[in-house]
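[1] Quick one: sequence plus predicted model below, questions after.
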Amino acid sequence: MTENNNQSNSFGQGEASKTRKNWPLWEVFVRSKNGLEHRHFGSLHAADAEMALQNARDVYTRRNEGVSIWVVESKYITANNPDEAGELFEPAKSKVYRHPTFYELPDEVKHM
Amino acid sequence: MEIKEQDSRLCGDYIMTLADNSLILSHRLGELCGHAPALETDIALTNISLDLLGQVRNYYQYAADLVGGGKTEDDLAFLRLENEYKNCLLVEQPNTDFGYVMVRQYFFDVFHLLILQELEHSTDETLSAIAKKSIKEVSYHKRFSGDWIKRLGDGTEESNRRVQQAVNDLWEYTDELFQMTEVEKQAVSQGMGVDLLRLKAAYYNEIKELLQEATLTIPDSPYFQYGGKEGIHSEYMGYILAELQYMQRTYPNMKW
């Protein structure tokens, strides 16, 4: 990003570029034609939700990737702290009794 | 469908009045590649440029068949003389600033969608098919450009001032969109062409409504410019064609 924000080019980016830096970041999720869930495709900047949807359509569905788009402002996504991943997820690794594998299915329901 | 030679000639000429607009506008948008104000807008504008170019290829491929004599779509796109291009003056106007780009686009998109919706009912099956396919793309172009006019008009003091300037300057090129040349009149009488005068009221109503929503004032000047559709272009056309035709003229018959 250029340091000098006062230079105006033909696209009027003098004062305006200070405002453009305030475009929030949005996360984009797209569901493909054969998919069942929306997957995270990337992020982009936009001034508001409609613009974010249009930008997502223009940027992330150029190659027929999807049929449905969700956009969420990045600030509304809460993620776990990677440093805490150990205490959050490792205990589940060795708890074999939590998996439904200790009974036999009768033949009639073999394709459960 | 059997087409007599005279009808082929007419159809080929008629196609130029449709396709040349999109060719020149696509070129103007292509000039913005890498220069738009935001990354997302850059991709959107070049997408629009490519959409238009795809439509142009459909038109020119058909026209090349009709014109015959071994002409290809490339000959039609790159090797005509300036007065043989029949695009309107509006699409030649330069990318002065983002406001101009969006106003030029919107003024064209409203017209473009209206004419395609009529062209879908052309007696010529190919034109009808091209129109039908293009309608979804152009609907999106209009939504994109219209939304930006609203944002810029109803935005900051600076954006309103700039887009108002663009509206005031480009307004005089709108009436030419509905000018019926001899070729177009003949095409209408054959059933393959669109009567542009019937679109005029709907066009101005729609634009005025959106401009009002965007808190922009509607110019009331009675003065309009014409010429492009007769092959008499603005000074910009020379520079546009110099870039557009350079490769084909320097390296004749070059292919990727």
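    Received the coordinates, thanks. This is a predicted model, so every value here is computed, not measured.
[2] B:Pro94 belongs to a helix?
    No: B:Pro94: not assigned to a helix; according to DSSP: H, G, I helix; E, B strand; the rest coil it is coil.
[3] Please report phi then psi for the most centrally placed residue in chain A.
    When chain A is reduced to its mean C-alpha position, the closest residue under CA atoms, centre = their mean turns out to be A:His40, at 3.7 Å. For A:His40, the backbone dihedrals are phi -70, psi 120 (criterion: degrees, to the nearest 10).
[4] any idea how far A:Asn64 is from it?
    The spacing between A:His40 and A:Asn64, counted by CB to CB, to the nearest Å, is 18 Å. To be clear about C-beta, it is placed using only N, CA and C from the backbone, and glycine gets the same treatment.
[5] before we move on, what about B:Pro37?
    For B:Pro37, the distance to A:Asn64 - CB to CB - is 27 Å.
[6] Rounded mean pLDDT for the longest helix along chain A, please.
    Among all segments of chain A classified by DSSP state H, the helix with the greatest residue count is helix A:49-60. Across helix A:49-60, pLDDT averages out at 93.
[7] Which SSE is immediately downstream of that helix?
    Reading on from helix A:49-60 to the C-terminus, the next helix or strand found by DSSP states H and E is strand A:68-73.
[8] Give me the angle between that next one and helix A:49-60.
    For strand A:68-73 against helix A:49-60, the angle by axes from the mean of the first three to the mean of the last three CA atoms, to 10 degrees is 120 degrees.
[9] give me the residue from the stretch 151-256 of chain B nearest chain A.
    For the stretch 151-256 of chain B, the nearest residue to chain A under the criterion CB to the nearest CB is B:Arg162, separated by 5.9 Å.
[10] which element is B:Arg123 on?
    Check again: residue B:123 is Thr, not Arg. Using DSSP H and E, no element contains B:Thr123; it sits outside every helix and strand.
[11] just checking, it touches B:Val188?
    No: at 10.6 Å, B:Thr123 and B:Val188 do not qualify as touching, with contact defined as CB atoms under 8 Å.
[12] more crowded one of those two?
    With other CB atoms under 10 Å in any protein chain shown as the criterion, B:Thr123 and B:Val188 differ in neighbour count, and B:Val188 comes out ahead with 18 against 12.
[13] and the more buried one, helix, strand or coil?
    The three-state label for B:Val188, taken from three-state DSSP, comes out as helix.
[14] Any regions of chain B where pLDDT drops low?
    Under the criterion of pLDDT under 70, the regions of chain B flagged as low confidence span B:1-4.
[15] Return the residues of it in contact with chain A.
    When proximity is defined as CB under 8 Å from any CB of the partner chain, chain B approaches chain A at B:35-41, B:43-44, B:47, B:95-99, B:143-144, B:147, B:151, B:156, B:158-159, B:162.
[16] show me where pLDDT drops low in chain A?
    In the predicted model of chain A, residues A:1-21, A:112 satisfy pLDDT under 70.
[17] May I see the buried residues of stretch A:79-97?
    Neighbour counts using 16 or more other CB atoms under 10 Å in any protein chain shown place no residue of stretch A:79-97 among the buried ones.
[18] Distance across it, terminal residue to terminal residue?
    One end of stretch A:79-97 sits 28 Å from the other (CA to CA, to the nearest Å).
[19] just stretch B:166-184 next, same as before
    One end of stretch B:166-184 to the other measures 29 Å (CA to CA).
[20] returning to what we had before: just the buried residues of the residues of chain B next to chain A.
    If we count by 16+ other CB under 10 Å, the residues of chain B next to chain A have these buried: B:36-38, B:40-41, B:43-44, B:47, B:95-99, B:144, B:147, B:151, B:159, B:162.
[21] and the longest helix of chain A, what does it pack onto?
    Applying 3 or more CB pairs under 8 Å, 6 or more residues apart in numbering or on different chains; DSSP states H and E, one finds that helix A:49-60 makes contact with strand A:25-31, strand A:39-45, strand A:68-73, helix B:39-67, helix B:125-153.
[22] can you list contacts of it?
    Residues lying outside helix A:49-60 but in contact with it, judged by CB atoms under 8 Å, 6 or more residues apart in numbering or on different chains, are A:26, A:28, A:30, A:41-42, A:44-46, A:66, A:69, A:71, A:73, B:39-41, B:43-44, B:47, B:143-144, B:147, B:151.
[23] Next, the buried residues of whichever strand or helix holds B:Tyr239.
    Secondary-structure assignment from DSSP H and E places B:Tyr239 in helix B:236-250. Judged by neighbour count using 16+ other CB under 10 Å, the buried positions of helix B:236-250 are B:237, B:240-241, B:244-245.
[24] Please save the CA atoms from it in CSV.
    These are the backbone C-alpha positions of helix B:236-250, laid out as CSV (Å, rounded to 0.1, in the frame of the first residue of the first chain):
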residue,chain,number,x,y,z
TYR,B,236,-10.7,9.0,-30.0
MET,B,237,-11.5,6.3,-32.5
GLY,B,238,-8.2,6.8,-34.3
TYR,B,239,-6.3,6.0,-31.1
ILE,B,240,-8.6,3.1,-30.2
LEU,B,241,-8.1,1.5,-33.6
ALA,B,242,-4.4,2.1,-33.6
GLU,B,243,-4.1,-0.1,-30.5
LEU,B,244,-6.8,-2.5,-31.5
GLN,B,245,-5.5,-3.2,-35.0
TYR,B,246,-1.8,-2.9,-34.4
MET,B,247,-0.9,-6.6,-34.0
GLN,B,248,-3.0,-7.8,-37.0
ARG,B,249,-1.7,-5.1,-39.3
THR,B,250,1.9,-5.6,-38.2
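[25] what's next to it, contact-wise?
    The set of residues that contact helix B:236-250 without belonging to it, under CB under 8 Å, 6+ apart, is B:24, B:27-28, B:74, B:77-79, B:82, B:85, B:92-94, B:254.
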